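S.K.: return a 3D structure for these sequence lines:
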Amino acid sequence: MKTKKRERHMNSSEKIFNFFVYGVAIVLILLIIYPLWFVIIASFSDPTDVGSGQVWLLPNDWRLDGYARLFEQSLFWRSYLNTIMYTVVGTLVALFVNIPAGYALSRKDLFGRKWVAIVFIVPMFVSGGLIPIYLTIKNVGLLDTFWVMVIPFAVSSYNIIVARTFFNNSIPAGLWEAAQVDGCGTIRYFISIVLPLSKAILAVIGLWTAVGIWNSWFNALIYLTNENLQPLQLILRRLLISNQLLQTQATGELASELRATADMMKYAAIVVSTAPIMMLYPLLQKYFNQGVMIGALKE
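M.R.: Take a look at the predicted model:
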């Protein structure tokens, strides 16, 4: 009887705890999702209703003025294509350099392994500064070119360390010994055996890199002066700033109209610039969770 009572008590306690955990999780999810949803409905609503607080769940008056004005900009589609190209090529280049580097550091037979690891760790805390980096990029001829957004910042010490930890904890040492018995070399072993077993870390580092490149605008501001090479984020930033300047110069009804258009363009720009990268998360969620957890284990 005592055992049954104890089990009932534990079951009721577990139900209360689970109810509490699920309740907190739901509240946190709503707190995260609602700002995104508000930006979406605000981009389709009348700016006056948004400013007065009348829009909070669904648009009161469906309008596409913000998207229409945004899509009318001559440089919008060119900059959008630039951002897609920078993201795709930059992610591939980053995976090409960071994943092999992480695997090499995970090999215990690498000569000078600890010293090489230090070389990668030091730049995480000490940087040469903006001016030396700018002069270096200028001297090698990358300034104001497509590759300035891809090559100079492809190597990431953090990603290399995460990849090294993943390989140490996820790839058994016995696989390399078995591959050697079958006459498999280092490069073939890495391509044919290690990479197929590393989908999780490839997805994680690929997603991190893609998000970073997609949202990057400062590097383009410093190293790109040609408008035809500038990414979407920099063009959107320029459009919003120019709209704000027009508002300060206009008066009366024109000022209010420009303010309303600028607000709608602002929300439309947020939706347009974040929607593609947000679509990647559901596709990579399984690998993302697995890669982060394994890569976070202590070596």
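S.K.: what is the burial count for the nearest residue to Asn82 once chain neighbours are set aside?
M.R.: Among residues not flanking Asn82 along the chain, Pro231 sits closest, at 5.1 Å (CB to CB, 6 or more residues apart in numbering). Heads up, the C-betas are built off the backbone N, CA and C, glycines and all. When neighbours are defined as other CB atoms under 10 Å, Pro231 has 28 of them.
S.K.: check Leu283 too.
M.R.: The burial count for Leu283: 11, using other CB under 10 Å.
S.K.: secondary structure class for it?
M.R.: helix (DSSP: H, G, I helix; E, B strand; the rest coil).
S.K.: any idea how far Ala210 is from it?
M.R.: Distance of Leu283 to Ala210, given as CB to CB, to the nearest Å: 12 Å.
S.K.: what segments of the stretch 51-200 of the chain are helices?
M.R.: Assigned by DSSP state H, counting those that start in this stretch, the helices in the stretch 51-200 of the chain fall at 65-72, 76-106, 113-121, 130-139, 157-170, 173-181, 186-189, 199-215.
S.K.: mind checking which of those helices is nearest Lys15?
M.R.: Smallest distance to Lys15 across the helices of the stretch 51-200 of the chain (CB to CB): 33.9 Å, for helix 199-215.
S.K.: just how off-centre is the closest one within its chain?
M.R.: Per CA atoms, centre = their mean, to the nearest Å, the displacement of helix 199-215 from the mean C-alpha position of its chain is 6 Å.
S.K.: how far off helix 76-106 does that helix point, in degrees?
M.R.: 140 degrees (axes from the mean of the first three to the mean of the last three CA atoms, to 10 degrees).
S.K.: which helices and strands does helix 199-215 pack with?
M.R.: Here helix 199-215 touches helix 76-106, helix 157-170, helix 252-278, helix 280-295, going by 3 or more CB pairs under 8 Å, 6 or more residues apart in numbering; DSSP states H and E.
S.K.: try it again at 6 Å.
M.R.: Packing partners of helix 199-215 (3 or more CB pairs under 6 Å, 6 or more residues apart in numbering; DSSP states H and E): helix 76-106, helix 157-170, helix 280-295.
S.K.: quick one: find the helix or strand in this structure with the lowest mean pLDDT.
M.R.: Lowest on mean pLDDT, DSSP states H and E among the helices and strands of the chain sits helix 280-295, with a mean of 62.
S.K.: ok so, going back, format the helices and strands packed on helix 199-215 as TSV; extra columns: distance to Ser273.
M.R.: What follows is the helices and strands packed on helix 199-215, written out as TSV (distance: least, CB to CB, whole Å):
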stretch	distance to Ser273
helix 76-106	8
helix 157-170	24
helix 280-295	14
